[in-house]
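Novice: sequence first, predicted model second:
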Amino acid sequence: MKEKRSVSRDFFILSILTVITVTVWMVIDVFQTLNKTDSVKIMKGLEPLTPKIETSVLDALETKNYYEIQAYEPVSSPAAEATPETATPSPEMETATPTATAEANPNPQ
């Protein structure tokens with residue numbers, strides 16, 4: 001019976017430590033978020049846009065080279081044109097293959 005109490009007491013202490021850890025973690029995260037100084041970058045992005053069209057940009061687009069897409073014929077390679085040949089073994093390959101024999105010795109030396 002005493003062992004059951006120590007196990008439940010251990011779980012209680014572990015759960016209290018976990019709650020304390022999570023709380024400290026959240027407080028530190030909120031503190032860091034509130035003290036960030038990235039708001040200057042955000043304010044630069046919120047500047048109003050000018051409704052003026054810049055002709056220099058349009059002129060630069062007109063001077064660019066554009067290439068037309070053409071239909072190209074596939075290039076044939078010599079390997080694709082080769083006709084498949086049947087493989088015939090050479091006379092040297094028709095010789096009998098040697099066979100291996102295994103011998104076991106129960107008394108190793």
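Specialist: Happy to help now that I have it. Numbering: from 1, shown residues only.
Novice: how about the helices of the chain, start to end?
Specialist: According to DSSP state H, the chain carries its helices in the segments 2-34, 39-45, 55-62, 78-81.
Novice: will you turn the ones you listed into CSV that also has mean pLDDT and mean neighbour count?
Specialist: Bear in mind the C-beta positions are built from the backbone N, C-alpha and C, glycine included. Output for the helices of the chain, formatted as CSV (pLDDT from 0 to 100; neighbours: other CB atoms under 10 Å):
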stretch, mean pLDDT, mean neighbour count
helix 2-34, 90, 9
helix 39-45, 67, 8
helix 55-62, 84, 8
helix 78-81, 58, 7
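Novice: could I get those in JSON lines, plus columns for distance to Asn107?
Specialist: Shown next, in JSON lines, are the helices of the chain (distance: least, CB to CB, whole Å):
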{"stretch": "helix 2-34", "distance to Asn107": "59"}
{"stretch": "helix 39-45", "distance to Asn107": "84"}
{"stretch": "helix 55-62", "distance to Asn107": "92"}
{"stretch": "helix 78-81", "distance to Asn107": "60"}
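Novice: relative to Ile69, which of the ones you listed is closest?
Specialist: helix 55-62 (19.2 Å; CB to CB).
Novice: can I get the CA coordinates of the closest one in PDB?
Specialist: Output in PDB follows, covering the C-alpha atoms of helix 55-62 (Å, rounded to 0.1, in the frame of the first residue of the first chain):
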ATOM      1  CA  THR A  55       7.800  54.800 -68.400                       C
ATOM      2  CA  SER A  56      11.400  53.600 -67.900                       C
ATOM      3  CA  VAL A  57      10.200  50.200 -66.800                       C
ATOM      4  CA  LEU A  58       7.900  49.900 -69.800                       C
ATOM      5  CA  ASP A  59      10.800  51.000 -72.100                       C
ATOM      6  CA  ALA A  60      13.000  48.300 -70.600                       C
ATOM      7  CA  LEU A  61      10.300  45.700 -71.200                       C
ATOM      8  CA  GLU A  62      10.100  46.700 -74.900                       C
END
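Novice: that's all I had, so thanks and see you.
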